[in-house]
Structures are given as C-alpha cells and as structure tokens.
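Participant: Okay, sequence plus prediction incoming.
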Amino acid sequence: MSNIIDGKAFAEGLRRRLATQIAGLKEKHGFIPGLAVVLVGEDPASKVYVRNKAQQTVEVGMASFEHKLPATTAQAELLALVKRLNEDKSVNGILVQLPLPKQIDPQAVLDAIDPAKDVDGFHVVNAGRLATGGQALVPCTPLGCLMLLKDRLGDLSGKRAVVLGRSNIVGKPMAQLLLGESCTVTIAHSKTRDLAGECRRAEILVAAVGRPEMVRGDWVAPGATVIDVGINRITGPDGKGKLVGDVAFAEAAKHAGAITPVPGGVGPMTIAVLLQNTVTAACRQHGIAI
Ligand SMILES: Nc1nc(=O)c2c([nH]1)NC[C@@H]1CN(c3ccc(C(=O)N[C@@H](CCC(=O)O)C(=O)O)cc3)C=[N+]21
Ligand SMILES: [Mg+2]
C-alpha cells in the first residue's frame, strides 16, 4: 500500500454508495433528499466550491437548490431566506457558504438554521451534541478526516493524536471525534510552546491551521499518519498559482507512514460528507432509520 492516502478515490466510493442509498429512498419511501446552498457575494473560490457541491449533489441523485444573493444583502434578508428554507419540506439540508460579507454576523445566521437541517454541523446545538455524545450532525471536514483515518488504521483506540488548530469548524470537532474513538488528544495552536516537539509525539497528526507548509518534515514522527486539512493558494517559484496544504508534503512524506496530499486528500472528502450528512438529515426528518 502506498503511503499516500487517496481522498479523491475514497470520496468517489462514498458518493457511489450514497447514490445507491438515495435510489433506495426514492423507490421505498418516495422522496429524494434536497440540499440548499446559499452563496452571498462574489468570492471566486466560494463560487467554485458551490458549483462543485451543486454538481455532485445532482450526480448522486439528490435535489440541489442554489441561492445566490448579492454581496450587499442585509442580514435580515439572509435570515428571512434561512427561515423559508427551514420551513420548506423539500429542503433537508441547508449550507450557508462562509465567509459572509462584513455586514452579516455569521453566528447569527448559523444559529438561525434548523439544527435538524444543519448539514455543516456548525449550529451550537450540533456542536453541543457532538461534545456530549448525542445524535449530532458532524462538521464535514473533520468527519471526512476521521473516515480516512479509520480506513487506514482501523481501531484508533489509545493512539496519541495531535490536532494542530482550534477552529470551531475543524480543530475542535476533530478533537471531539478523536476523543470519541478513545485517542489521547492534544490540541496545539499558535500559542503552544514547542509546537514541533508536540507534533513529533503524534501517531496521528491533523494539521488545520491555514498556514502554507508550516508543518516541516522533521515535525513528523517515523510512521505517523498525517492528515492535511489546509487548502492554501500560493504563488509558486514559477510565478504560477498553486494549491498547497499546511504540511510540507514532500518532506513529511519521507517520515510519514501515511499522508494525505493537497489537492486530492481532505478537500474531496468534505463535499462527499456534506452529501452524506444531507442523506442522514433527510432520513431523520422522515423517521427512517439508517
Ligand atoms: N458553510 C461552509 N461549509 C464548508 O464546508 C465550506 C465553506 N462554508 N466555505 C469554504 C470552505 C472550503 N471548502 C472546500 C470544499 C472542498 C474543497 C475541495 O474539493 N478541494 C479539492 C480541490 C480544490 C481546488 O482545486 O481548488 C482538493 O482539495 O482536492 C475545498 C474546500 C468547504 N468550505
Ligand atoms: Mg484551525
């Protein structure tokens, strides 16, 4: 087995399984899950992600509802749209693309989404359920990372895991998931003393700091499993734009037992898990056990 973890291939497999499940829902229960994605403004990167999400949603057989609002949209208008989507029975999942324009308080918007439709898992109710072992919708990126880890390593019980980054979107839920698998979890961040030393102790290292290639080869213990959540657009030595992670891949790959590339690692998993969360949300809303 190569030491490169192919997230793109894993995501494709997951989408195939979802497509089968969705066909079954349609046949047996007479509905297809629906995902609404809301994009406010013109951020070029966000537009690409939203287009990919909509395309993959349709490919697995679900309904996609895209809402594009101008960058000048008032918070009250966005909240009114969220309310309509909360009440719409054909919408099982709602995602409001982040970041939002400055006039809008993101937390106010996330808190307005019905927790049962919060397929990003960003609502405080879902964060609380994840932290207390309840039936949460779990944030897509960390859940995708966990799937890759379990696929590669099997049982994670007792392993020393270091999560680099403490965001509500990745770092904190990732730590909760690893704790749920009985790992010994350290959350390291910009104020951590001897960051390299902490990382070197990790059997599982998840990097989610948003700093291009910050994790160097000698931060990685021999044989460690490295999950790179970073997606940083930088200008390469040739003057062209390229995508790099939070890990210096070529260096780290020499030490790691297994490592995710960027692109083709965690990114594709994020979208596949979003689709899975939408199926999960739809089944719960219809009282169907999955
Ligand atoms: N409410 C909300 N939920 C999100 O989940 C969310 C968001 N807002 N805002 C933006 C970020 C970013 N994000 C990505 C999803 C897929 C790839 C992805 O598929 N990346 C590919 C290629 C990307 C490329 O080539 O540009 C890869 O890594 O291989 C990347 C980034 C979801 N986000
Ligand atoms: Mg972080």
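Facilitator: Yep, that arrived. Ligands and ions are numbered 1, 2, ... in the order given.

Participant: Close to ligand 2: what parts of the stretch 101-250 of the chain are there?
Facilitator: Residues of the stretch 101-250 of the chain lying close to ligand 2 by C-beta under 5 Å from the ion are 165, 167, 170-171, 208. From N, CA and C alone the C-beta is placed, and that goes for glycine too.

Participant: So which of those are in strands?
Facilitator: Assignment to strands by DSSP state E places none of these there.

Participant: nearest to ligand 1, of those?
Facilitator: Set against ligand 1, the nearest of these by C-beta to the nearest ligand atom is residue 170 (9.7 Å).

Participant: need the contact list for the closest one.
Facilitator: For residue 170, the contacting residues are 139, 141-142, 208, 229, by C-beta atoms under 8 Å, 6 or more residues apart in numbering.

Participant: Same question for residue 66.
Facilitator: Contact analysis of residue 66 by C-beta under 8 Å, 6+ apart lists 36-37, 39, 50, 54.

Participant: State the phi and psi torsions of residue 37.
Facilitator: Phi and psi for residue 37, reported as degrees, to the nearest 10, are phi -120, psi 130.

Participant: beta partners of it?
Facilitator: Bridge pairing for residue 37 (DSSP bridges) gives the partners residue 66, residue 95.

Participant: That one against residue 50, yeah?
Facilitator: Yes. Look at residue 37 against residue 50 with C-beta atoms under 8 Å: they come within range, at 5.5 Å.

Participant: Ranking by neighbours, what's the top pick from the contacts of residue 66?
Facilitator: Highest neighbour count within those, by other C-beta atoms under 10 Å: residue 36, with 26 neighbours.

Participant: OK, contacts around that residue?
Facilitator: By C-beta under 8 Å, 6+ apart, the contact list for residue 36 reads 65-67, 85, 88, 91, 93-95.

Participant: Near ligand 1, which residues of the stretch 1-150 of the chain are found?
Facilitator: 49, 95-98, 120, 140 (C-beta under 6 Å from any ligand atom).

Participant: redo that, cut-off 8 Å
Facilitator: Contact residues (C-beta under 8 Å from any ligand atom) of the stretch 1-150 of the chain with ligand 1: 7-8, 45-46, 48-49, 52-53, 95-99, 120, 122, 139-141.

Participant: still on that earlier bit, just the buried ones from the contacts of residue 36?
Facilitator: 65, 67, 85, 91, 93-95 (16 or more other C-beta atoms under 10 Å).

Participant: Check the residues you listed against residue 269 and report the nearest one.
Facilitator: When the buried ones among the contacts of residue 36 are ranked by distance to residue 269 (C-beta to C-beta), residue 95 comes first, at 15.6 Å.

Participant: picking that back up, got the buried ones among the contacts of residue 36 as a markdown table, with pLDDT and distance to residue 146 columns?
Facilitator: Below are the buried ones among the contacts of residue 36 laid out as a markdown table (pLDDT from 0 to 100; distance: C-beta to C-beta, whole Å):
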| residue | pLDDT | distance to residue 146 |
| --- | --- | --- |
| 65 | 98 | 28 |
| 67 | 97 | 30 |
| 85 | 99 | 28 |
| 91 | 99 | 27 |
| 93 | 98 | 20 |
| 94 | 98 | 23 |
| 95 | 98 | 20 |
